[in-house]
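>>> Build the 3D model from these lines:
(4 chains)
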There are 2 protein chains.
Amino acid sequence: MDLTPRQKQILRAIVDIYVSTAEPVGSKAIAALPDVDFSSATIRNEMADLTQMGLLEQPHTSAGRIPSPAGYRLYIDELMQDYRLSLDETKSLHDALQLKSQEFDEMMSQVGKLVSKMTDLPAYAIASRQNQAVAKHFELLSAGSGSIILVLMLSGDEVKNKLIKLPVSVTDDDLRLLSAVLNTSMTDLTAGQISAELLEKVTRSAGAAAPLVPLVTEFTLECLRQQHGDFHLAGQMRLLNQPEFRDVSKAREVIESLDEDVLTNLPTVLPKDGPVQFLVGPENVAKELKDSSVVMMRFDIGDGMQGTVGVVGPTRMDYAKITAKLGYFAENLGKMFQKNAGAAAAPPALPDGMKSEK
Amino acid sequence: MDLTPRQKQILRAIVDIYVSTAEPVGSKAIAALPDVDFSSATIRNEMADLTQMGLLEQPHTSAGRIPSPAGYRLYIDELMQDYRLSLDETKSLHDALQLKSQEFDEMMSQVGKLVSKMTDLPAYAIASRQNQAVAKHFELLSAGSGSIILVLMLSGDEVKNKLIKLPVSVTDDDLRLLSAVLNTSMTDLTAGQISAELLEKVTRSAGAAAPLVPLVTEFTLECLRQQHGDFHLAGQMRLLNQPEFRDVSKAREVIESLDEDVLTNLPTVLPKDGPVQFLVGPENVAKELKDSSVVMMRFDIGDGMQGTVGVVGPTRMDYAKITAKLGYFAENLGKMFQKNAGAAAAPPALPDGMKSEK
DNA sequence: CTTAGCACTCCAATCTCCTGAGTGCTAATG
DNA sequence: CATTAGCACTCAGGAGATTGGAGTGCTAAG
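You can find the predicted model right below:
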């Protein structure tokens, strides 16, 4: 079912116009385009064919045509023309990209808000580890009054800490022993490699500090297993700007489905052949999103971390423009994170341990 | 302008009915109530008086009455009857209150979501320090490859950490010196008490580690100044369940105004005479909220921290029920936080080699 | 003071009508 | 034989017009 060049031209025109007007596109509107030199009647014939092929739909007999999901897909894969960001747009993207925070999660959250703002659609951002995390170093600090602080350094310059109230009283020597045991036995192992036997062995070697072991190891395992960083969702209500969601109940359905479960489980399904990827309408697994599209983008953060940013909107979205904008982010976000993370030489931008916890 | 008992009864009835139906209340509806034994004509007269006094409003001549903001205020202050939570409600509140996480911010976020879910309205949660924070202890750990980790223990059992890439190479001895200097000079001081002179003195005493000082102190000050924990907002879209926001543009206006700035600045205006407090319609400072009400509740977290949870909705909300539910949270959240914070002491780990549950 | 009764008001729901955009088909054209 | 002009037909959506009913305010009687 290959399309003739003219059919492609028409399909592309219909998507382009529909995306910007949100109104079904009629044959006349296309005939009026500058580079179209065939009549509206011809276009009507072609549109009938395209409808036949399932690439277009007709809301009702006397209305124009709108692209079907298959039409969008074809458009994205073959027809879409690169959108060149204007100078203004590039500038505003550039300016916005000056992330303020140096805290990692905070930065991801800002990225989500940013993308949402720049696309005027809901957006999400999430960081995930590319590799299994391992512990690099354990440190036990006494914090007075029967409690200690466990500082856990992970691969990829992550640092976690936890305040532990002591179940039994232990001496400084006990702590030193435990610390040594942990650092010899538990480092450089992934969560999967830490066996019950190993834990038992550690407990046996820990002497008087043995009661502490489960507290420490449980927290450690929790940290190692945590594959994803916090999930950040921003600008849900921007969906209301879209005419297809003028009906509140539809908007609610979609907005409510935008949670961590749905969105983190989406990406993995995809082939990986570019920084920007698309899920159009029914291609989405979640049925609440069957009339919506997701455009997502991955970028490299360094330190074995990978970021994912996505945008959710009606199937009728400006794929070309969004692709261009996400592409810009894809190129520059990595640098941004590196810069903030490695900037010890430049005073204001301090390096960063990951989370601070209480 | 004291009301007669009958007027009070009528006003209360109007609020109660309007809250549940969202329709203007007519004289007949009130006359039909079981404990009303005067006629609709009488009620009409009284309603005319109440309207005169500014406690009721009339959307148009031939419609029933709805409470004015002043009417709501009077209702809240004097007329509202305690709503007794049903057994089912209590149970579901109780069940929901089993916070999973032991991470502090995570818990606050859960509380926000919880309150939002239980009231079917947008909710926010935020923790703030009751007292100025001070540093209790500094610890510098070398993290290999030209970087160190600063572990900062604050008052109230807070612990923060930060990975610092070294701008110059320093020896272990240098670090020990710096650590000692910090622990003698910079502990037990609020952000305000840390003067430029003090910082200079510390730098001078730090020897070879001097270039590190600004990195450390800047982070420290940042931590000390931070008065509020993260701001958590949940369930914005629940606003769309309310009939007054069936019009998307109104909903957008309100939802968009629900940000940290607006909501953290709200509470401070209030008198403090109970755990649950109200801001009705125009009592809100922000003009976007002039047709909305905020109900908020503070609770004690311990460790010198205080939590605030609030709910945002149309002025027509079920103040009595929300008050009851927030009241329940107010009573029990404190305990909840204590329990989780001290969890290390209690359940999973028992002294004798008892294997902890997984 | 209370209430029955009545005239009056006005929203909102329903219906009808009409317009205009858009289609599909046919027949003419190069 | 692809293209196009022309035409009859369809249909969504907006503008009035109509109506029903809920609710009020006032008056006069109990």
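>>> Can you show me the helices along the stretch 51-200 of chain A?
Residue ranges of the helices in the stretch 51-200 of chain A, as given by DSSP state H, counting those that start in this stretch, are A:69-74, A:87-96, A:104-119, A:172-185, A:196-205.
>>> Looking at these, which is nearest to DNA strand C?
Among those, the nearest to DNA strand C by CB to the nearest atom of the strand is helix A:69-74 (14.2 Å). Any C-beta I mention is one placed from the backbone N, CA and C, and that applies to glycine too.
>>> what sits against the closest residue to DNA strand C within the stretch 251-358 of chain A?
The nearest approach of the stretch 251-358 of chain A to DNA strand C comes at A:Arg316, 15.8 Å away (CB to the nearest atom of the strand). Shown here is A:Arg316, whose contacts under the criterion CB atoms under 8 Å, 6 or more residues apart in numbering or on different chains are A:Tyr18, A:Val19, A:Ala22, A:Ile66, A:Pro67, A:Glu244.
>>> Surely it is within a strand?
No: checked against DSSP: H, G, I helix; E, B strand; the rest coil, A:Arg316 lies outside a strand; its state is coil.
>>> who's in contact with stretch A:85-93?
A:Met118, A:Ala324, A:Lys325, A:Tyr328, A:Phe329.
>>> isn't the last one right next to A:Arg298, touching?
No: with contact taken as CB atoms under 8 Å, A:Phe329 and A:Arg298 are classed as non-touching, separated by 10.6 Å.
>>> Name the member of the contacts of A:Arg316 with the most neighbours.
A:Pro67 (25 neighbours; other CB atoms under 10 Å in any protein chain shown).
>>> how about the strands in chain A?
Under the criterion DSSP state E, chain A contains strands at A:56-57, A:66-67, A:123-129, A:135-142, A:147-154, A:158-165, A:228-234, A:276-279, A:292-302, A:305-314.
>>> interface residues of the stretch 51-200 of chain A facing chain B?
A:136-137, A:139, A:141, A:143-144, A:147, A:149, A:151, A:153, A:157, A:159, A:161-168 (CB under 8 Å from any CB of the partner chain).
>>> Just the buried ones from those, in ChimeraX syntax?
Burial among these is assessed by 16 or more other CB atoms under 10 Å in any protein chain shown; the matching ChimeraX selection reads:
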select /A:136,137,139,141,143,147,149,151,153,157,159,161,162,163,164,165,166,167
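>>> so what's the residue lying closest to A:Asp172 once chain neighbours are set aside bridging to?
Distances taken as CB to CB, 6 or more residues apart in numbering or on different chains place A:Ser142 nearest to A:Asp172, at 6.7 Å, with adjacent residues excluded. Legend: beta-bridge partners of A:Ser142 under DSSP bridges are A:Ile148.
>>> Tell me the buried residues in the helix or strand bottoming out on mean pLDDT in chain A?
When the helices and strands of chain A are scored by mean pLDDT, DSSP states H and E, helix A:260-265 comes last with a mean of 81. Under the neighbour-count criterion of 16+ other CB under 10 Å, helix A:260-265 has A:Val262, A:Leu263, A:Thr264 buried.
>>> ditto for stretch A:106-119
A:106-116, A:118-119.
>>> Work out the gap between it and the centre of the chain.
Chain-centre distance of stretch A:106-119: 10 Å, with CA atoms, centre = their mean, to the nearest Å.
>>> so who does A:Glu200 touch?
A:Glu200 neighbours (CB under 8 Å, 6+ apart): none.
>>> pLDDT score assigned to it?
On the pLDDT scale, A:Glu200 is placed at 93.
>>> give the contact list for the closest residue to DNA strand C within chain A.
Minimum separation of chain A from DNA strand C (CB to the nearest atom of the strand) falls at A:Gly26, amounting to 2.9 Å. Neighbour list for A:Gly26: A:Ala63, A:Gly64, A:Arg65 [criterion: CB under 8 Å, 6+ apart].
>>> What is the nearest of those to chain B?
Relative to chain B, the closest of these is A:Ala63; by CB to the nearest CB it sits at 23.7 Å.
>>> burial count for the residue lying closest to that closest one once chain neighbours are set aside?
Nearest residue to A:Ala63, sequence neighbours excluded (CB to CB, 6+ apart): A:Pro24, at 4.6 Å. By the criterion of other CB under 10 Å, A:Pro24 has 19 neighbours.
>>> Show me what the mean pLDDT comes to for stretch A:111-122.
When pLDDT is averaged along stretch A:111-122, the result is 94.
>>> Figure out how far that stretch is from the centre of its chain.
Relative to the chain's own centre, stretch A:111-122 is displaced by 12 Å; criterion: CA atoms, centre = their mean.
>>> Could you do stretch A:212-222 as well?
Averaging C-alpha positions (CA atoms, centre = their mean) puts stretch A:212-222 30 Å from its chain's average.
>>> buried stuff in that stretch?
If you call a residue buried by 16+ other CB under 10 Å, then stretch A:212-222 has these buried ones: A:Leu212, A:Val213, A:Pro214, A:Leu215, A:Val216, A:Thr217, A:Glu218, A:Phe219, A:Thr220, A:Leu221.
>>> do stretch A:186-204 as well
Buried residues in stretch A:186-204, defined by neighbour count with 16+ other CB under 10 Å: A:Met186, A:Leu189, A:Ala191, A:Ile194, A:Leu199, A:Val202, A:Thr203.
>>> And the fifth one, how far from B:Ala206?
In this structure, A:Leu199 and B:Ala206 are 41 Å apart, going by CB to CB, to the nearest Å.
>>> so where's the stretch 51-200 of chain A shaky on pLDDT?
The stretch 51-200 of chain A contains residues with pLDDT under 70 at A:100-102.
>>> closest point of it to chain B, which residue?
For the stretch 51-200 of chain A, CB to the nearest CB, closest residue to chain B: A:Lys165, 4.4 Å.
>>> Surely that residue and A:Ser147 touch.
Yes: counting by CB under 8 Å, A:Ser147 is a contact partner of A:Lys165 at 4.7 Å.
>>> before we move on, back to that, now the contacts of A:Arg316 in JSON lines, with distance to DNA strand C?
Listed next are the contacts of A:Arg316 as JSON lines, based on distance: CB to the nearest atom of the strand, whole Å:
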{"residue": "A:Tyr18", "distance to DNA strand C": "11"}
{"residue": "A:Val19", "distance to DNA strand C": "15"}
{"residue": "A:Ala22", "distance to DNA strand C": "12"}
{"residue": "A:Ile66", "distance to DNA strand C": "10"}
{"residue": "A:Pro67", "distance to DNA strand C": "13"}
{"residue": "A:Glu244", "distance to DNA strand C": "18"}
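>>> Out of the residues you listed, flag the one nearest to DNA strand D.
For those, the residue nearest DNA strand D by CB to the nearest atom of the strand is A:Ala22; the value is 11.5 Å.
>>> can you tell me how far the closest one sits from A:Gly64?
As for A:Ala22, its distance to A:Gly64 is 12 Å (criterion: CB to CB).
>>> residues shared between the contacts of these two?
Listed as contacting both A:Ala22 and A:Gly64 by CB under 8 Å, 6+ apart is no residue at all.
>>> how is chain A carved up into domains?
Following automatic domain parsing, chain A resolves into domains at A:5-79, A:87-130+A:229-342, A:135-225.
>>> tell me how far the ends of the last one are from each other?
As for domain A:135-225, its first-to-last residue distance stands at 11 Å under the measure CA to CA, to the nearest Å.
>>> where does it sit relative to the chain's centre, distance-wise?
32 Å.
>>> again, but for the first one
Between the mean C-alpha location of domain A:5-79 and the chain-wide mean there is a distance of 32 Å, by CA atoms, centre = their mean.
>>> That one and DNA strand D, any residue contact?
Yes: using CB under 7 Å from any atom of the strand, domain A:5-79 reaches DNA strand D at A:Arg6, A:Asp37, A:Phe38, A:Ser39, A:Ala41, A:Thr42, A:Asn45, A:Pro59, A:His60, A:Thr61, A:Ser62, A:Ala63.
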